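# structure for the following, please:
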Amino acid sequence: MKLTRENVIRWAPALVLLGLVVLFAAINPAFLSQRNLARIALASTPAMMVALGVTFIIVMGSIDLSMEGVVSLCAVLFCLLFLRLGGSLGAGAWLAIPAILLCGAFFGWLTGMVHVRLQIPSFMASLAMGFVGTGAAVLVTGGDIVRIEDDVFRALLTWRILGFPLMVYIAAALVLLAWFIQNHTTLGRNFYAVGGGEELAHASGVNVRRVRLAGFALAGVFYAIAAIFQVARLGQAESVTGANLMFVAITSVVVGGVALWGGIGGVLNAVVGVLIVNVIGNGMVVIGLPNYLQDGLLGVLVIIAVVLSTDRRLVSFAK
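Below you'll find the model as predicted:
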């Protein structure tokens, strides 16, 4: 294979992930223990759902910063509805799952409407809607914690297959679903068309506004799934359930090789990026390094990823 800029960009994230695994395993062989790998996979699951959702937005050339608010609101609404419907999956509380997926889709669609109809930049529209979501979560809960103690629902965390929680396998299936949407549906192809050039996509007959609204709604569904996974992990929800997911998701997507200006990268890049971020976090703990080094290393990786994915011949000034 010829060594070109494109090939470097394509394979660099996977090579970085492999290098990190080898490094941490060499320093401490316990890093590759089944228990530790399961810990990494479990920690990656909610962030991976958020990263999948925001990947569709970034591929379109937009940005979505509402995920923390959406996850927090969906998490508390899920818990409240779950308890209202009997507090057990067997008693009818399973209806809370599709209801929250619809709630996430609606919130994402609403964010898209603010962006598209009011013609507010996606950065500001989504950031504002994220604050709305967080505020709504505080309003609904009154600042309290809502707990779920249903053993059947918590089986997402406690039921293990080959040492890995059931939640991890469901997340893997959802990754395949996101990959299918990206590569084998008209909507997925339209995401790339819009990200590659909105005017050209419009001239080709693509309804750009409708595609953007669908993208934000789809992202909202994945944020809602992340909320359900967070509740399954923690057994509770509150107004800060989605805290830190924005940093982890955006960092993961960029480090994984998805270009912030759209049209480049995809679902698998996001998956690799999430694994890189969580391997770094876990590896730092395993080898006994402080947290601030983890943040510094992630910052350096983001800068390197942006440099590698930017064609300086096409960019005369960085805004």
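
# and the helices in the stretch 101-250 of the chain?
Residue ranges of the helices in the stretch 101-250 of the chain, as given by DSSP state H, counting those that start in this stretch, are 122-141, 155-158, 166-184, 186-196, 198-203, 208-234, 245-256.

# could you export those helices to CSV, including columns for distance to Leu15, mean neighbour count and mean pLDDT?
Glycine gets a C-beta too; all of them are placed from N, C-alpha and C. Output for those, formatted as CSV (distance: least, CB to CB, whole Å; neighbours: other CB atoms under 10 Å; pLDDT from 0 to 100):
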stretch, distance to Leu15, mean neighbour count, mean pLDDT
helix 122-141, 31, 19, 93
helix 155-158, 32, 16, 89
helix 166-184, 20, 16, 95
helix 186-196, 24, 20, 90
helix 198-203, 33, 13, 78
helix 208-234, 27, 25, 94
helix 245-256, 12, 24, 88
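
# could I get those helices in JSON lines, plus columns for distance to Val271?
Formatted as JSON lines, these follow (distance: least, CB to CB, whole Å):
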{"stretch": "helix 122-141", "distance to Val271": "22"}
{"stretch": "helix 155-158", "distance to Val271": "19"}
{"stretch": "helix 166-184", "distance to Val271": "6"}
{"stretch": "helix 186-196", "distance to Val271": "16"}
{"stretch": "helix 198-203", "distance to Val271": "26"}
{"stretch": "helix 208-234", "distance to Val271": "13"}
{"stretch": "helix 245-256", "distance to Val271": "7"}
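
# which among those is found nearest to Asn269?
helix 245-256 (3.9 Å; CB to CB).

# off-centre distance for that closest one?
Relative to its parent chain, helix 245-256 has a centroid offset of 8 Å by CA atoms, centre = their mean, to the nearest Å.

# and the angle from that helix to helix 208-234?
Going by axes from the mean of the first three to the mean of the last three CA atoms, to 10 degrees, helix 245-256 is angled at 110 degrees with respect to helix 208-234.

# wait, which of the helices of the stretch 101-250 of the chain is closest to Phe82?
Phe82 lies closest, by CB to CB, to one member of those: helix 208-234, at 8.2 Å.

# same for that closest one, what does it pack against?
Counting contacts by 3 or more CB pairs under 8 Å, 6 or more residues apart in numbering; DSSP states H and E, helix 208-234 is packed against helix 34-59, helix 67-84, helix 96-116, helix 155-158, helix 166-184, helix 186-196, helix 198-203, strand 236-237.

# and the ones you listed: which comes nearest Gly273?
Nearest to Gly273, of all those, is helix 34-59, at 6.6 Å by CB to CB.

# and the helices and strands packed on helix 208-234 as TSV, adding distance to Leu297?
Converted to TSV, those look like this (distance: least, CB to CB, whole Å):
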stretch	distance to Leu297
helix 34-59	16
helix 67-84	23
helix 96-116	31
helix 155-158	29
helix 166-184	25
helix 186-196	29
helix 198-203	35
strand 236-237	31
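
# for Leu218, which of the ones you listed is the nearest?
Per CB to CB, nearest to Leu218 of the helices and strands packed on helix 208-234: helix 34-59, 5.6 Å.

# what comes up buried for the closest one?
Applying a neighbour-count criterion of 16 or more other CB atoms under 10 Å, the buried positions in helix 34-59 are 36-59.

# what about it, average pLDDT?
Helix 34-59 comes out with an average pLDDT of 93.

# which elements pack onto it?
Counting contacts by 3+ CB pairs under 8 Å, 6+ apart, helix 34-59 is packed against helix 67-84, strand 164-165, helix 166-184, helix 186-196, helix 208-234, helix 245-256, helix 267-287.

# okay, those in JSON lines with distance to Gly299 next?
Output for the helices and strands packed on helix 34-59, formatted as JSON lines (distance: least, CB to CB, whole Å):
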{"stretch": "helix 67-84", "distance to Gly299": "19"}
{"stretch": "strand 164-165", "distance to Gly299": "30"}
{"stretch": "helix 166-184", "distance to Gly299": "26"}
{"stretch": "helix 186-196", "distance to Gly299": "25"}
{"stretch": "helix 208-234", "distance to Gly299": "24"}
{"stretch": "helix 245-256", "distance to Gly299": "9"}
{"stretch": "helix 267-287", "distance to Gly299": "11"}
